[in-house]
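Colleague: next one to model:
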Amino acid sequence: MISIQRCTSADPRFQTLVGELDADLLVRYGAKQSEYDVHNKGLADARVVIAMNEGTAVGCACFKPLDAETIEIKRMYVQPGIRRLGVAQHILAGLEQWGREEGYRIAKLQTAIKQPEAIALYQKVGYRPTPAYGPYVDDADSVCLEKEI
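Modeller: Numbers count the residues shown, from 1 in each chain. Here you go, the predicted model:
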């Protein structure tokens, strides 16, 4: 049974999962990943959720405000051994609910072309392509998506 817990970016479980995410992305993108790393800093005030399975943290993500009505979802990760079981959908639902509670209307995110499973998941739960935004505007590898929440 998956449960979603809210926490902060200082939570050691989040830090551990983000370390796993970074290792996975380094394998996928090699040196190119260092260009993305800079966009994943500054999350001290991010709203973080952790997916728990039988007392173990198995996934995470967070959001930060982009503007008065838009949040950006970042650092989405589910451990490989538990993927394809709906954990990521629970994580997204938890973030979207939190965003709505805080008065946001739109969720945006960026992923990249070497993560087709992530793109498929986001589209499955209603995210649609949107023009690249912020630091991703001139990045041909970026895929930007959004959803009204």
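Colleague: what helices or strands is the longest helix along the chain leaning on?
Modeller: As assigned by DSSP state H, the longest helix anywhere in the chain is helix 12-29. Counting contacts by 3 or more CB pairs under 8 Å, 6 or more residues apart in numbering; DSSP states H and E, helix 12-29 packs against helix 33-37, strand 47-53, strand 56-67, strand 70-78. In short, each C-beta sits where N, CA and C put it, glycine included.
Colleague: cutoff 10 Å now
Modeller: strand 2-7, helix 33-37, strand 47-53, strand 56-67, strand 70-78, strand 106-112 (3 or more CB pairs under 10 Å, 6 or more residues apart in numbering; DSSP states H and E).
Colleague: which of these has the lowest mean pLDDT?
Modeller: Here the lowest mean pLDDT among those goes to helix 33-37, at a mean of 57.
Colleague: including distance to L25 and mean neighbour count, could the helices and strands packed on helix 12-29 go into TSV?
Modeller: Shown next, in TSV, are the helices and strands packed on helix 12-29 (distance: least, CB to CB, whole Å; neighbours: other CB atoms under 10 Å):
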stretch	distance to L25	mean neighbour count
strand 2-7	22	15
helix 33-37	5	14
strand 47-53	18	22
strand 56-67	14	20
strand 70-78	9	22
strand 106-112	9	21
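Colleague: now do the contacts for the residue positioned nearest the centre of the chain.
Modeller: Taking CA atoms, centre = their mean, the centroid of the chain lies closest to M76, which sits 2.9 Å from it. The neighbours of M76, taking CB atoms under 10 Å, 6 or more residues apart in numbering as the test, are 21, 59-63, 88, 91-92, 95, 109, 111, 115, 118, 121-122.
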